[in-house]
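[1] Quick check, what structure comes out for this input:
(4 chains)
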Number of protein chains: 4
Amino acid sequence: MSDAQTWTVGVTGATGYAGGEVCRLLAGHPNLRLAGVHANSSAGRRLGELQPHLLPFADMVVGPSDADSLAGYDVVVLALPHGESAVIAGQLPAETLVIDCGADHRLTDPEAWSRWYGGVHAGTWPYGLPELPGQRAKLEDAKRIAVPGCYPTSVTLALAPALAAGLVEPEVVVVAASGTSGAGKSAKPHLLGSEVMGSVSAYGVGGVHRHTPEMIQNLSQAAGAPVSVSFTPTLVPMSRGILATCSAKLTHGTDAQAARAAYEKAYADEPFVHLLPEGQWPTTAAVLGANTVQLQVAVDPDAGRLIVVAAVDNLTKGTGGAAIQCANLALGLPETTGLPLIGVAP
Amino acid sequence: MSDAQTWTVGVTGATGYAGGEVCRLLAGHPNLRLAGVHANSSAGRRLGELQPHLLPFADMVVGPSDADSLAGYDVVVLALPHGESAVIAGQLPAETLVIDCGADHRLTDPEAWSRWYGGVHAGTWPYGLPELPGQRAKLEDAKRIAVPGCYPTSVTLALAPALAAGLVEPEVVVVAASGTSGAGKSAKPHLLGSEVMGSVSAYGVGGVHRHTPEMIQNLSQAAGAPVSVSFTPTLVPMSRGILATCSAKLTHGTDAQAARAAYEKAYADEPFVHLLPEGQWPTTAAVLGANTVQLQVAVDPDAGRLIVVAAVDNLTKGTGGAAIQCANLALGLPETTGLPLIGVAP
Amino acid sequence: MSDAQTWTVGVTGATGYAGGEVCRLLAGHPNLRLAGVHANSSAGRRLGELQPHLLPFADMVVGPSDADSLAGYDVVVLALPHGESAVIAGQLPAETLVIDCGADHRLTDPEAWSRWYGGVHAGTWPYGLPELPGQRAKLEDAKRIAVPGCYPTSVTLALAPALAAGLVEPEVVVVAASGTSGAGKSAKPHLLGSEVMGSVSAYGVGGVHRHTPEMIQNLSQAAGAPVSVSFTPTLVPMSRGILATCSAKLTHGTDAQAARAAYEKAYADEPFVHLLPEGQWPTTAAVLGANTVQLQVAVDPDAGRLIVVAAVDNLTKGTGGAAIQCANLALGLPETTGLPLIGVAP
Amino acid sequence: MSDAQTWTVGVTGATGYAGGEVCRLLAGHPNLRLAGVHANSSAGRRLGELQPHLLPFADMVVGPSDADSLAGYDVVVLALPHGESAVIAGQLPAETLVIDCGADHRLTDPEAWSRWYGGVHAGTWPYGLPELPGQRAKLEDAKRIAVPGCYPTSVTLALAPALAAGLVEPEVVVVAASGTSGAGKSAKPHLLGSEVMGSVSAYGVGGVHRHTPEMIQNLSQAAGAPVSVSFTPTLVPMSRGILATCSAKLTHGTDAQAARAAYEKAYADEPFVHLLPEGQWPTTAAVLGANTVQLQVAVDPDAGRLIVVAAVDNLTKGTGGAAIQCANLALGLPETTGLPLIGVAP
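    So this is what the prediction gives:
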């Protein structure tokens, strides 16, 4: 491995959860080397104070988060609140590989951007979900990649095969349970441990969560026609993980066998997406810290619906792992390089 | 209070979670006195060994769970696995008030019983959900009452007003998150703390959970027409609580105002069902240990669906509190007697 | 009950955890009526927004936290950060019963106050731990009462009998696990759910926690001689509860029987302190929401130490319940009035 | 890497938590290849059913756990209940490297074994804690290695430097908080999620936990004189992790600087043991899934004690990671090969 090619990586937002996860994964990557950590605040502090789990990087000093400071890396990962990535990205050299974990460059429709995020859309980048049909090729040699949101990743992978195969009608209902790390590291009262332990709550109900247009975009692409999405996120008492329960009305004639066959076919060659054996249901623990998605499908003949359940780690396959997966593709590395397939359980 | 009428209560299954909750609530009831605790196993042991939180009852000795042992109480609460209640209930005196927390007497359709539970249906008892239109009167003076299942309680209260008012189409989708106490106290590997902490999982997917026919029965009664239910339960890392996210397609013309008005009207006089102010969403912590339900409604105009979220404590309003509420009604006591309205939070 | 005497209670700090717990317990109290809620911030908001579990009080509007606003109640409960209680208390009428849940009036030694809290000591009030020998009488007819800290409550009740009986040497070691509500409701990053779930940490190590001098004061009073305390608090992933593991070297000749006898004698008549039967160990779940303490003692002959483990709910017997217990005593009510003995488990 | 030497590894007890952790770590090891999984029960089932997180090994079929079935591997890891390892180990070829994660071969004193475990001692193997002074050399070229218990690992690393340097008296007090995975995967009622979530409890109080003699053995070796240990384990609501709070009386003249210096010196060259910078305290989250130990020391001049807090993952550095670390040493590989230094947080 000593003569393997390596690229330097700078991560900004490294003191947050998504940025921290990118750093964690880089520690196990043979070709990518974490060369600098940056953040909006905390500049000048040791990373170890802020991310005590990142032991090998504990003595790195947090640098400022601006284009000048980030310009020297081969790869820059942006793990910033939406609105901030675009400003920095615009000033980075064209030859730098820039991976944006934020929302700024995911949507293709500028009007959708303005409606959901406000302001002017900064432009669309290749969307970093290689498992979406036709998408992988767009990421090879890309210099700018928009990492999907965590909910859209789970929901898209759960429903795209059924919609693409015409097994269900294009009106889907999603209820997703998320760990609290999805809400980030900012200290808000409703995210206090005392509030979230022993409690489940819903939020962003009624189609107002900003990940909704991204799901619609992906699923409509898969279906080849407009898809409506009813999306309800819930907050559950754990740090990591998303369990998305997705359903849609069966089209005439779809049975369990056909449904299963469509998923087997769709994901036969995908290294990170695993349709579980019949009778086994996903748990978020099984994918904790791994870049994998576990899926199961069921047909409810009485209700006439297909139900698909997907488990992902919102910080790994949902963000930081996806960032590495995309970097691998863009750099011509094997897609799975440095990415764990095994969850940390129990 | 010294001259208030009191009734003696015997609880069988008192060493389990539902039975324990009935005992807990009886400690605060001015007219009902826990006079004996019984269980299938554990007979002869101190209750304090098995239910260390029930301090005032710690020295009660667990008696056997058979009709002879239970015959002497004014009120008998059965908190037993399905199939066991019916056998005992058949041998208890007709004048004893018998409250069954199990499933044996909930369904009205013997065929549905046989399909979902197997064997021969033991008969239907008045259904202990006073908040269901027309149901309260059936519980006054009843001598036999079937306490609803925990999921059906939350889902019925969430959706009945919309279906009754014709606001939505009779095809509903429910995803419910439940704490692990809903699965009871039997030691199964997938319920170990190591397995459930930090993890969310789905189970009984595809319409196979036994609470499904009960929901269909209730919601069809509310709608006055058959309702289909797609129900997916999930297990979340907490002991108590259910958060049910329920949705259905809006019928033509339903807007947020109409939806809210229907729920305000339906529950204006219900002491235990609370529609939260606009903008506030239910959390299970807020109802922990309380006999209350917190609800919120939203209309998603893009997806064309009504979404209702309900939070209950599966052991309180979902089982043990409902049992007391029903006993209050059957004994002619004020319905709220001895029942906490306040959750234990944080 | 209609002709029972009632007193009005005003609670300030009602939007925090301790204040909220006082409100919760008042809802079940036959003689105390929550007449007003106050807070430093949040004035003008509905209590239901901030404390959604306090359903019967949801429509109360939060008033300001100053002496003028609090002067009209029969009883005022102060649940404020240290330093703030003293200012208000000094301006309240002498005939108002004032219960301070904060630290301002607990210590008897002004120098200790200055060392641990800084500034000038506001004076010492009767210390609200009736179970401390000789203490109960000081609370009857008191008009000012200082509620103990949550850690000192658990540790004092765990060790006072052994020290008073000379069973152990006056050098004690305490390691206590606390739920996060003990740290209050302020949004600090290390208290985020994402940080505390799945993690245990120590803090305030090396004798620097402010509850240390209070423990020393209590235990020295019990021992009749100076006691040294090595105290290490740890934060565990739950909202409520303290488990204090306390130990000290056995004096010559102390065996398990003698130790047990001392505790049986000390707490024989205490309604809230329960020495568990041999072989059963305390769990915080068993006292959740209850005003009780569960204790167990063991002698380790090899190590030559007595070990006592105590479980309390930091918000109930540790703060809010103790406040009510003290108010009962000061008002001449039975000490247990309105206080739950049963924990909410599982 | 393709021409690196590789050894085959068979793991028995692979369906449990410790065995599963060994398998998880083997997936990331360049020189060790998981060649077979075995278990007492479950033979014939797919590993994926029982350990759904071990995705790359999901299709391996569990083989029986007997010497014949295990004889063909280069390395055998025994992750079995105590008493079972010795029987199998006795029948394995002498040239096979056998790593025992159980207790059978840890104690040097046959009488201590009989007192604590019952029966006849099977003999002592080299003790797999390379960080214990003088111990590393005994593991190089060893063919039989006894992996330490999880509690003894944390406690020994926490206290050995102070005892070796004479900073403290040889009477130590330990209170350790452990996640539930330490109790294994067997379905016992007190380990149910409903029981452990939201609760902390003590167990094995009074010096009766079987890890006590192992701690005494290690610490006495470090001190060069007999050490007494008062050990209280507590169970906290998380799956993984141990936080050990250890203290002892300071000998004359020890101050904070001297204490810190002793630990800095002791662990300067240890890759897995990290003394945190002053002011930062260990959290178990920071070492989750990592083979690291985080330590901090404090001196309490008032109480006259040294306090050391250590965090380890009971399944990684506490068991499975230690097994790999020992195998690395015995096989002549770099000690850190394949072992994660980074915890999975948040």
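
[2] where do the helices sit along the stretch 51-200 of chain A?
    Assignment of helices within the stretch 51-200 of chain A using DSSP state H, counting those that start in this stretch yields the ranges A:67-70, A:84-89, A:110-117, A:136-139, A:150-164, A:193-196.

[3] out of the ones you listed, which comes closest to residue B:255?
    Put simply, out of those the one that sits nearest residue B:255 is helix A:110-117, at 19.7 Å, with distance taken as CB to CB. All C-beta spots, glycine's among them, are computed from the backbone N, C-alpha and C.

[4] Tell me how many other residues crowd residue A:143.
    Using other CB atoms under 10 Å in any protein chain shown, residue A:143 is surrounded by 15 other residues.

[5] quick one: contacts for it?
    Residue A:143 is in contact with A:94-98, A:330, counting by CB atoms under 8 Å, 6 or more residues apart in numbering or on different chains.

[6] interface residues of the stretch 51-200 of chain A facing chain B?
    By the criterion of CB under 8 Å from any CB of the partner chain, the positions of the stretch 51-200 of chain A lying close to chain B are A:171, A:173, A:175, A:177, A:192, A:194-195, A:197-200.

[7] Tell me the one among the residues you listed nearest to residue A:40.
    Set against residue A:40, the nearest of those by CB to CB is residue A:192 (22.6 Å).

[8] Any idea what that closest one is bridged to?
    Legend: beta-bridge partners of residue A:192 under DSSP bridges are residue C:192.

[9] For it, give me its contacts.
    Taking CB under 8 Å, 6+ apart as the definition of contact, the neighbours of residue A:192 are B:346, C:180, C:185, C:187, C:191-193.

[10] Let me know the pLDDT of residue A:4.
    The per-residue pLDDT reported for residue A:4 equals 81.

[11] what secondary structure does it sit in?
    coil (DSSP: H, G, I helix; E, B strand; the rest coil).

[12] does it really touch residue A:31, like I thought?
    Yes. Using CB atoms under 8 Å, residue A:4 and residue A:31 qualify as a contacting pair, with a distance of 5.7 Å.

[13] When these two are compared, which one has more neighbours?
    The residue with more neighbours, out of residue A:4 and residue A:31, is residue A:31; 18 against 10, by other CB under 10 Å.

[14] Make a markdown table from the helices of the stretch 51-200 of chain A and add mean pLDDT, mean neighbour count and distance to residue C:207 to it.
    Conversion of the helices of the stretch 51-200 of chain A to a markdown table gives the following (pLDDT from 0 to 100; neighbours: other CB atoms under 10 Å in any protein chain shown; distance: least, CB to CB, whole Å):
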| stretch | mean pLDDT | mean neighbour count | distance to residue C:207 |
| --- | --- | --- | --- |
| helix A:67-70 | 96 | 17 | 43 |
| helix A:84-89 | 94 | 21 | 44 |
| helix A:110-117 | 94 | 15 | 51 |
| helix A:136-139 | 97 | 16 | 56 |
| helix A:150-164 | 98 | 27 | 44 |
| helix A:193-196 | 97 | 28 | 26 |
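
[15] Can I get those in a markdown table including distance to residue C:39?
    As requested, the helices of the stretch 51-200 of chain A are exported to a markdown table (distance: least, CB to CB, whole Å):
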| stretch | distance to residue C:39 |
| --- | --- |
| helix A:67-70 | 43 |
| helix A:84-89 | 35 |
| helix A:110-117 | 34 |
| helix A:136-139 | 52 |
| helix A:150-164 | 35 |
| helix A:193-196 | 17 |
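
[16] looking at these, which is closest to chain C?
    Proximity of the helices of the stretch 51-200 of chain A to chain C was assessed by CB to the nearest CB; the nearest stretch is helix A:193-196, lying at 3.7 Å.

[17] For the residue of the stretch 1-150 of chain A found nearest chain D, the count of nearby residues, please.
    The nearest approach of the stretch 1-150 of chain A to chain D comes at residue A:53, 3.6 Å away (CB to the nearest CB). A total of 25 residues lie near residue A:53 under the criterion other CB under 10 Å.

[18] and if you look at residue A:78?
    Other residues within reach of residue A:78, judged by other CB under 10 Å, total 30.

[19] And residue A:285, by the same measure?
    When neighbours are counted by other CB under 10 Å, residue A:285 registers 27.

[20] If you drop the residues flanking it in sequence, what lies closest to it?
    Leaving aside its chain neighbours, residue A:285 sits nearest to residue B:199 (3.5 Å; criterion: CB to CB, 6 or more residues apart in numbering or on different chains).

[21] Kindly tell me how buried that neighbour is, as a neighbour count.
    Residue B:199 is flanked by 30 other residues according to other CB under 10 Å.

[22] check whether stretch A:150-167 contacts chain C.
    No. Taking CB under 8 Å from any CB as the criterion, stretch A:150-167 and chain C are apart, separated by no less than 13.7 Å.

[23] does any part of that stretch sit near chain D?
    No. Contact between stretch A:150-167 and chain D, assessed by CB under 8 Å from any CB, is absent, since the two come no nearer than 14.2 Å.

[24] could I get that stretch in CSV with only the CA atoms?
    Extracted in CSV, the C-alpha atoms of stretch A:150-167 (Å, rounded to 0.1, in the frame of the first residue of the first chain):
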residue,chain,number,x,y,z
CYS,A,150,-30.0,11.3,4.8
TYR,A,151,-33.8,10.9,4.5
PRO,A,152,-33.8,11.1,0.7
THR,A,153,-31.1,8.4,0.6
SER,A,154,-33.1,5.9,2.6
VAL,A,155,-36.4,6.7,0.9
THR,A,156,-35.1,6.8,-2.6
LEU,A,157,-33.3,3.4,-2.3
ALA,A,158,-36.5,2.0,-0.6
LEU,A,159,-38.9,3.1,-3.3
ALA,A,160,-37.0,3.6,-6.6
PRO,A,161,-37.1,0.0,-7.7
ALA,A,162,-40.9,-0.3,-7.2
LEU,A,163,-41.6,2.9,-9.0
ALA,A,164,-39.2,2.2,-11.8
ALA,A,165,-40.8,-1.2,-12.3
GLY,A,166,-44.3,0.2,-12.2
LEU,A,167,-45.2,-2.0,-9.2
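
[25] Report the distance from that stretch to the chain centre.
    Put simply, stretch A:150-167 sits 14 Å off its chain's centre (CA atoms, centre = their mean, to the nearest Å).

[26] ok, back up a step: just checking, the residue nearest to residue A:285 touches residue A:239?
    No. The pair residue B:199 / residue A:239 is not scored as a contact, 11.0 Å apart, by CB under 8 Å.

[27] how close does residue A:202 sit to residue B:307?
    8 Å (CB to CB, to the nearest Å).

[28] Ok, residue A:221 next?
    Here the distance between residue A:221 and residue B:307 works out to 25 Å (CB to CB).

[29] likewise residue A:135?
    Going from residue A:135 to residue B:307 by CB to CB gives 31 Å.

[30] So for those two, which sits in the more crowded spot?
    Using other CB under 10 Å, the more surrounded residue of residue A:135 and residue B:307 is residue B:307, with 26 against 16.

[31] For the closest residue to residue A:258 other than its chain neighbours, give me phi and psi.
    Once its chain neighbours are removed from consideration, residue A:258 has its nearest residue in residue A:167; the separation is 6.6 Å (CB to CB, 6+ apart). Reported as degrees, to the nearest 10, the phi and psi values for residue A:167 are phi -80, psi -20.

[32] right, and residue A:167 touches residue A:261 too?
    No. The pair formed by residue A:167 and residue A:261 falls short of the contact definition of CB under 8 Å, at 9.7 Å.
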